[in-house]
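Sequence and predicted structure, then a few things I'm wondering about:
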Amino acid sequence: MEVSLKNQVAIITGSSSGIGAGIAQSMAASGATVVINYPSEGSLEKASAILKKITNNGGNGIVYQCDVSKEDEVVKMFQEVVEQLGTVDILVNNAGIQKDAKFTEMNLDQWNAVIGVNLTGQFLCAREAVKEFLRRGIDPSRSVACGKIIHISSVHEIIPWAGHANYASSKGAIRMLMQTLAQEYGADKIRVNSICPGAIQTSINKDAWQTPEELNSLLKLVPYNRIGQPQDIGNLAVFLASDLADYITGTSIFIDGGMTTFESFSTGG
């Protein structure tokens, strides 16, 4: 059974590195033309390197700079992608940041920065994606769905995380955003789901795995006893965007090696 995204255009926000890069490569390998979004000029080199890997493997894509927390930039990105590539079939709302602090020491700039990218950015991109899906309508040569949105959330949409109140709050809110969109646009055949990664080996959490001691400590939280890889998330994203997942909408799928079973309680807590 082939999992294909042939003839489809996918915007993956924050895809110049980490989980986003893994998703972009997986979707390109499945036939999608991918838009590798990066936030600033400083990330252009990384985005171009991901695109080169994709094209070297026979895939297609472009790079596009856009700060997803800024409305005018998001609107412009969707307009220009549609002009260049014809439409958008898939949005992966992946861009996210952390600015950690104890709650009493967290300042408003740290709070607003994380909420701005992690939550407002997902709202802005989803809004423009839904507008484009409705404008185009269902095209059976592309997909049985009118459009697909995949929110990248986290296990911390349900697991509290001391010292990370802004991040955990943004992820909890993503769950309600996703479910509300799935409810509101289900009749239009727009599918909306969330992927909730656990411990994935990327630069954002390097401090948790860069030494054997730190990795062993992390794995005490993961029953499956390995750290996840960006490709693990990419594989799931491809499935959710494909027609094989046509009856899946409004759900959060945890991909965490069992972290949400709370491994620390396996011996009584």
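Cool, the structure landed.

For the most centrally placed residue in the chain, list the residues it contacts.
Centroid-nearest residue in the chain: Asn94, 2.7 Å away (criterion: Cα atoms, centre = their mean). Contacts for Asn94 were tallied using Cβ atoms under 8 Å, 6 or more residues apart in numbering; they are 12-15, 19-20, 23, 152. C-beta here means a position set from N, CA and C on the backbone, and glycine is covered the same way.

Put together CSV for those residues, with distance to Asn235 on each row.
Shown next, in CSV, are the contacts of Asn94 (distance: Cβ to Cβ, whole Å):
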residue, distance to Asn235
Ile12, 14
Thr13, 19
Gly14, 18
Ser15, 15
Ile19, 12
Gly20, 14
Ile23, 9
Ile152, 14
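
backbone phi and psi for Ala162, please?
Backbone torsions of Ala162, given as degrees, to the nearest 10, read phi -60, psi 140.

before we move on, the earlier item: in ChimeraX, how would I pick out whichever of the contacts of Asn94 are buried, leaving the exposed ones unselected?
Buried residues within these, by 16 or more other Cβ atoms under 10 Å, are selected in ChimeraX with:
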select :12,13,14,15,19,20,23,152
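
of all the contacts of Asn94, which comes closest to Ile227?
Sorting the contacts of Asn94 by distance to Ile227 puts Ile19 at the head of the list, at 12.7 Å, by Cβ to Cβ.

Now for the closest one: which residues touch it?
Taking Cβ under 8 Å, 6+ apart, we find Ile19 in contact with 94, 152, 197, 200, 202, 230, 233.

Sort these by pLDDT and name the bottom one.
Among the contacts of Ile19, Thr202 carries the weakest pLDDT, at 83.

and the residue nearest to that residue when sequence neighbours are not counted, how many neighbours does it have?
In space, Thr202 comes closest to Gly18 once its chain neighbours are excluded; the distance is 3.7 Å by Cβ to Cβ, 6 or more residues apart in numbering. By other Cβ atoms under 10 Å, 20 other residues sit near Gly18.
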